[in-house]
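Student: Here is a sequence together with a model predicted from it:
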Amino acid sequence: DSGVTQTPKHLITATGQRVTLRCSPRSGDLSVYWYQQSLDQGLQFLIQYYNGEERAKGNILERFSAQQFPDLHSELNLSSLELGDSALYFCASSPPTRRGNEQFFGPGTRLTVL
Amino acid sequence: GIQVEQSPPDLILQEGANSTLRCNFSDSVNNLQWFHQNPWGQLINLFYIPSGTKQNGRLSATTVATERYSLLYISSSQTTDSGVYFCAVASGGSYIPTFGRGTSLIVHP
């Protein structure tokens, strides 16, 4: 158990719908990262938040958005869902250190869009 | 951005065998991690190893940063070692890792 929690574990929804994925980082970690893992694209970085502020952006679609709350949990919002959005979505957290950035991953949310 | 290549892409072993997985990267790195993704999809941290050598039980890893590669050694493999092994690296001023495509390992009893 990495200490990072994600809910829900599974989500099945229809095209055009909107869903929210939730992540709680490890105690003491200030950074939260979101990743998408699909069969054809592999593991892709979406976005990073650090202590409530957006820090880095990757291959995140405009239909997707995220935020980190004062208690440091984060939510990833996916809207106008398409079949191609079906994937495993991971959240990771890392400690506030200058020397590196070891990331710890949550169990993931498996999203199926029908 | 940095390029990450893992080899071999697929590996099939008999229980008890040893193996070496390789990760080549195209630039100097400030961050390198090895992960195991089990058949249930969970990503498990194996090593945080931007340089040097580490060991944890039957697993060990070595990163030669000057030559831009890292190796993961699995000894006396077990069926529970099956899954996909990922190398993830970050370089320059960014600590956002780029993942390789992984090595898919199947260990037969």
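Tutor: Ah, there it is.
Student: interface residues of chain A facing chain B?
Tutor: Counting by Cβ under 8 Å from any Cβ of the partner chain, the residues of chain A close to chain B are A:2, A:33, A:42-43, A:45, A:48, A:56, A:58, A:88, A:90, A:94, A:100-105, A:107-108, A:110. Where C-beta positions appear, they are placed from N, C-alpha and C, glycine not excepted.
Student: Quick one: buried ones out of those?
Tutor: A:2, A:33, A:43, A:45, A:48, A:88, A:90, A:94, A:100-105, A:107-108, A:110 (16 or more other Cβ atoms under 10 Å in any protein chain shown).
Student: number of nearby residues for residue B:40?
Tutor: 8 (other Cβ atoms under 10 Å in any protein chain shown).
Student: Give me the secondary structure label for it.
Tutor: coil (DSSP: H, G, I helix; E, B strand; the rest coil).
Student: burial count for residue 19?
Tutor: Defaulting to chain A. 18.
Student: hm, I was asking about chain B
Tutor: 18.
Student: Read off the pLDDT value for the nearest residue to it once chain neighbours are set aside.
Tutor: Once flanking residues are discounted, residue B:19 sits nearest to residue B:74: 4.9 Å by Cβ to Cβ, 6 or more residues apart in numbering or on different chains. Predicted confidence (pLDDT) for residue B:74: 98.
Student: ditto for residue A:98
Tutor: In this model, residue A:98 carries a pLDDT of 59.
Student: show me where chain A has strands.
Tutor: A:5-7, A:10-13, A:19-24, A:31-38, A:42-50, A:53-57, A:64-68, A:74-78, A:87-94, A:104-105, A:109-113 (DSSP state E).
Student: What are the boundaries of the helices in chain B?
Tutor: Shown for chain B, no helices are assigned by DSSP state H.
Student: pLDDT weak spots in it?
Tutor: Low-confidence segments of chain B (pLDDT under 70): none present.
Student: My read is that residue B:87 contacts residue B:6, right?
Tutor: Yes. In this structure residue B:87 lies within contact range of residue B:6 using Cβ atoms under 8 Å: 5.5 Å.
Student: what do the two both touch?
Tutor: B:21, B:23, B:100 (Cβ atoms under 8 Å, 6 or more residues apart in numbering or on different chains).
Student: Excluding chain neighbours, what is closest to the second one?
Tutor: Setting aside the residues directly before and after it, residue B:23 is nearest to residue B:87 in space (Cβ to Cβ, 6+ apart), at 3.4 Å.
Student: Look up how far residue A:41 lies from the one you found.
Tutor: Distance check for residue B:87 against residue A:41: by Cβ to Cβ, to the nearest Å, it reads 17 Å.
Student: neighbour count winner among the two?
Tutor: residue B:87 (32 against 11).
Student: For that one, which residues count as its bridge partners?
Tutor: Residue B:87 forms beta bridges with residue B:34, as assigned by DSSP bridges.
Student: quick one: contacts for it?
Tutor: By Cβ under 8 Å, 6+ apart, residue B:87 lies in contact with B:4, B:6, B:21, B:23, B:25, B:32-35, B:70, B:72, B:99-100.
Student: would you turn those residues into TSV with neighbour count?
Tutor: Shown next, in TSV, are these (neighbours: other Cβ atoms under 10 Å in any protein chain shown):
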residue	neighbour count
B:4	22
B:6	22
B:21	22
B:23	25
B:25	24
B:32	26
B:33	26
B:34	24
B:35	22
B:70	27
B:72	23
B:99	20
B:100	25
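Student: And the furthest pair within the residues you listed?
Tutor: The widest separation within those, taken as Cβ to Cβ, falls between B:25 and B:35 and amounts to 15.2 Å.
Student: Many thanks, have a good one.
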